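Chemist: Below: sequence and its predicted model.
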Amino acid sequence: MATTTVREYTGAIKDTVVSFWHGLSITLSHLVRRPMTVQYPDRTPMHVRDMLPPRYRGFLEVDAAICTGCQACERACPIGCIQITLEKDPANPKQRVVTQFDIDEAKCMFCGLCVEPCPTGSIQHTREFEASQSDIRNLVFRWADPATGFPVYKVDKTAEYYPRVELGSLVRAKLETRAWDAPGPKFFPPEPPRPPEEKKPAAKPAAAAPAAAAAAPAPTAPAAAPAADKPTTETK
Amino acid sequence: MSVPAIPYAPKRTAKSVVLLTLAVGFILPVALFGAILVLSPLTKPAMFEALVNQLGGNYAAWSPTAKAGAYAGAAALLGFMLLNFGAIISGTTVWWEMRVSSRMQSRIGYNRVGAGGFFQWIADAVKLLLKEDLVPAEADQLLFRAAPYFVLVGFALTFVALPFGESIIAADLNVGIFYMISVTALVVVGIMLAGWSSNSKWALFGGMRSAAQVISYEIPAGIAIMVPILMAGTLSMQGIIRAQGPWPWQWFVFTNPFAFVAFIIFFIAQLAEGNRTPFDLPEADSELVAGYLSEYSSFRFALYFLVEFGNLWVMAAVAVTLFFGGWQVPGTTLQTFQDAIGPGPLPGAAWWGLQLASLVVFVVKTLVVLNVIVWIRWTLPRIRVDQMMTLCWKYLVPFAFVSFVATLLWMIVVARYPVAATVTGGVLTAVFAVVLAVFLRQTKANITAAGDRVDLTHW
């Protein structure tokens, strides 16, 4: 050990006293100040979602009333968490119908790339972020009713804006009606194999068949299934 | 499509919970301190005899066995209450420390179990008791199981000689402070046993560090304790308090400048012996997991935890006894207590009132010191082992010897010129008051410099 000079020795005592002095006064000053903590979730002055900045990227919301069915969002999604299916309305062949518009919020990484190409602003990030579910499949938001679907929106060229419902109201309605412990859909994903008679001739039947066959024995297959499923159901 | 929005209102603690918390927070200390206040004097032989006679019995006619049995029963009751006091004060100290520490870090802290999270310590205790009681397969079974009891006994025995008020002490031993040092040394034995018997490197390092630390710091602590002993001329806890006066300028810490140094040395050494931050090296979480506690779980862990926080009270009470005038009530003298006993075999109401006042004074002083300990813990980071040793051997031990010898000389001066003690007391008290005021101004400046203000609304 190096020798200690008297100056170092007394200096150490002085440093101790000074650091005690400042340290204790700093902690005491914080003791009598208001804490920073926001007591999430139930003691905040308003819903936390309403305290977030407006450009917060929470759950995606699709306003079906102004969705053109262009699938730009589906193509933009880097992880493929959006799944859109378009079919022709049997009653009115001119009218196309979105029969499936599923967004898997459990996969979504909230990058916002789907929002940017949307021509009408139908798909948007909301400030909703609270959706704990005991079954992860319940985090798939189905924006089109699988039974009826919704007709695509015809863009009015003269329109100056698109009549969108209040941002977040649709997601909130879905969240508030879904219990956290609701049982998840048994078959989703992947989609159950559809009856072949209502299908158009499959673009790649060879690809679809092995995928469907693999889905039955192996639980790892579902990841491959949507990709294989896409060409068979897409009708443009 | 859209669901009507659910009206939002911030949740508040229910009124019933607040009332329950207030009730428990009021009843608990009243019951504990009340029991200690009543039982401590009444379990002294003379008072016990008077009480039995007062209640219609004839103590003199009792057989020796009955006398011994009744007396032992009363003493056991007092012991039970003191143990309960230790356990509950430990639990509430945990709660208080967590609240204070979170405020110091701009957090809120416990706030869910009861109003202000007051029942958190009960919930923690229940949780700990429900955990699996695990003894490692390679551990030394007997020592591993025995170690917590050494720690607990070392803690519980201090309450024998711990004063609470003028006549409120379980036993005023004539070697009181010596006894206190001796029994607290048992804690080290338990910690070393725990470190060794766990058969874990973390625990062993923790135990060894603790041994090195506590045994080193016993030396400056022991020498610093000699200073009030010299000034009082007795080892008895109550004797040391009686040698001081009720007013700050009559306390040992201020009447003798060297006693002030001794107090600082004693206080630092107490922190080190209690394994408190900045001296919590034996259980340094970042290096040693939890030190000697690493392998413990469930009830055994709870015992260590209880002792660690219960020791805060003991540390504070001993410091108050030795340096801060103990239970001396301002405006009274020792004669006041004597006069209030009254003519009857049992003391009158005035005497009990004075006892209560002395209890309150002692408890308030102890809580102040306890808060300083908590405050220091959440201010300073942990020091290194070599720094800890340097502090002890290069700074505290020499200064302790200096203050010891200087006190001897000081006693000669005071014997010659008794006014010297009063003058020093007044000057040091005034200096302390000024320093405190400057410190509070500094604190206020810290608050305003940050653009904030004093706001206690969210306590």
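Modeler: Sure, I can see it. Numbering: from 1, shown residues only, chains lettered A, B, ... in the order given.

Chemist: Can you tell me the closest non-neighbouring residue to the residue in the stretch 301-450 of chain B positioned nearest to chain A?
Modeler: In the stretch 301-450 of chain B, the residue found nearest to chain A is B:Asn446; the distance is 3.9 Å by CB to the nearest CB. For the C-beta atoms, the positions are set from N, CA and C on the backbone; glycine is no exception. Excluding the flanking residues, the one nearest B:Asn446 by CB to CB, 6 or more residues apart in numbering or on different chains is A:Ser29, at 3.9 Å.

Chemist: Also B:Gly207?
Modeler: Counting by CB to CB, 6+ apart, the residue nearest B:Gly207 is B:Gly195, at 1.6 Å.

Chemist: Same question for A:Pro45.
Modeler: Using CB to CB, 6+ apart and skipping the chain neighbours, the partner closest in space to A:Pro45 is B:Pro10 (5.9 Å).

Chemist: Verify the stated contact: the one you found with A:Arg43.
Modeler: Yes. Shown here, B:Pro10 and A:Arg43 form a contact pair, counting by CB atoms under 8 Å, at 5.1 Å.

Chemist: Compare neighbour counts for those two and give me the winner.
Modeler: Applying other CB atoms under 10 Å in any protein chain shown to B:Pro10 and A:Arg43 shows that A:Arg43 carries more neighbours, namely 14 against 10.

Chemist: helix/strand/coil for the more buried one?
Modeler: coil (DSSP: H, G, I helix; E, B strand; the rest coil).

Chemist: residues contacting it?
Modeler: A:Arg43 sits next to B:Pro10, B:Lys11, B:Arg12 when contact means CB atoms under 8 Å, 6 or more residues apart in numbering or on different chains.

Chemist: From B:Ile108, how far off is it?
Modeler: To B:Ile108, A:Arg43 is 9 Å away according to CB to CB, to the nearest Å.

Chemist: Overlap of the contact sets of these two?
Modeler: Jointly contacting A:Arg43 and B:Ile108 under the rule CB under 8 Å, 6+ apart is no residue at all.

Chemist: what's the single longest strand in chain A?
Modeler: strand A:96-104 (DSSP state E).

Chemist: Neighbouring strands of that strand in the sheet, and parallel or not?
Modeler: Looking at strand A:96-104 with DSSP bridges, its partner strands are strand A:82-88 (antiparallel), strand A:140-142 (antiparallel), strand A:150-151 (antiparallel).

Chemist: Can you classify the residue nearest to A:Pro45 by secondary structure?
Modeler: Look at B:Pro10: counting by three-state DSSP, its state is coil.

Chemist: same deal with B:Phe399?
Modeler: helix.

Chemist: I figured B:Gly291 hits B:Ala211, correct?
Modeler: No. Look at B:Gly291 against B:Ala211 with CB under 8 Å: they stay out of range, at 11.6 Å.

Chemist: More neighbours: which of those two?
Modeler: Shown here are B:Gly291 and B:Ala211; by other CB under 10 Å, B:Gly291 has more neighbours (27 against 18).

Chemist: Mean pLDDT, distance to A:Arg33 and mean neighbour count added to the strands paired with strand A:96-104, as CSV?
Modeler: Shown next, in CSV, are these (pLDDT from 0 to 100; distance: least, CB to CB, whole Å; neighbours: other CB atoms under 10 Å in any protein chain shown):
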stretch, mean pLDDT, distance to A:Arg33, mean neighbour count
strand A:82-88, 89, 47, 20
strand A:140-142, 88, 43, 18
strand A:150-151, 88, 54, 16
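
Chemist: re earlier: show me what whatever helix or strand comes next after the longest strand of chain A pairs with in its sheet, parallel or antiparallel.
Modeler: Beyond strand A:96-104 in the direction of the C-terminus, DSSP states H and E gives the next helix or strand as strand A:123-125. When sheet partners are counted by DSSP bridges, strand A:123-125 sits next to strand A:60-62 (antiparallel).

Chemist: Buried residues in the partner strand, which are they?
Modeler: Under the neighbour-count criterion of 16 or more other CB atoms under 10 Å in any protein chain shown, strand A:60-62 has A:Leu60, A:Glu61, A:Val62 buried.

Chemist: Could you give the separation of that strand from the chain centroid?
Modeler: Distance of strand A:60-62 from the chain centroid (CA atoms, centre = their mean, to the nearest Å) equals 8 Å.

Chemist: Can you say which of the strands paired with strand A:96-104 is nearest to B:Ala61?
Modeler: B:Ala61 lies closest to strand A:140-142 among these, at 88.0 Å (CB to CB).

Chemist: List the contacts of stretch B:315-323.
Modeler: Applying CB under 8 Å, 6+ apart, the contact partners of stretch B:315-323 are B:162-163, B:177, B:180, B:225, B:228, B:237, B:240-241, B:251-253, B:259, B:262-263, B:266-267, B:270-271, B:274, B:326, B:362, B:365-367, B:369-370, B:373.

Chemist: Stretch B:70-79 too?
Modeler: B:Ile36, B:Leu39, B:Ser40, B:Leu42, B:Thr43, B:Pro45, B:Phe48, B:Val52, B:Trp62, B:Ala170.

Chemist: And stretch A:155-164, by the same measure?
Modeler: If you take CB under 8 Å, 6+ apart as the criterion, stretch A:155-164 is touched by A:Asp63, A:Ala65, A:Ile66, A:Thr68, A:Pro119, A:Thr120, A:Gly121, A:Ser122, A:Gln124.

Chemist: Next: stretch B:330-347.
Modeler: Against stretch B:330-347 from outside (CB under 8 Å, 6+ apart): B:41, B:47, B:50-51, B:53-54, B:166-167, B:242, B:246-247, B:348, B:350-351, B:353-354, B:357-358, B:361.

Chemist: Let me know the average pLDDT across the helix or strand in which B:Glu287 is found.
Modeler: Taking DSSP H and E as the criterion, B:Glu287 maps to helix B:285-288. When pLDDT is averaged over helix B:285-288, the result is 74.

Chemist: And B:Ala224, how close does it get to B:Glu273?
Modeler: 12 Å.

Chemist: Who has more neighbours out of those two?
Modeler: B:Ala224 (29 against 24).
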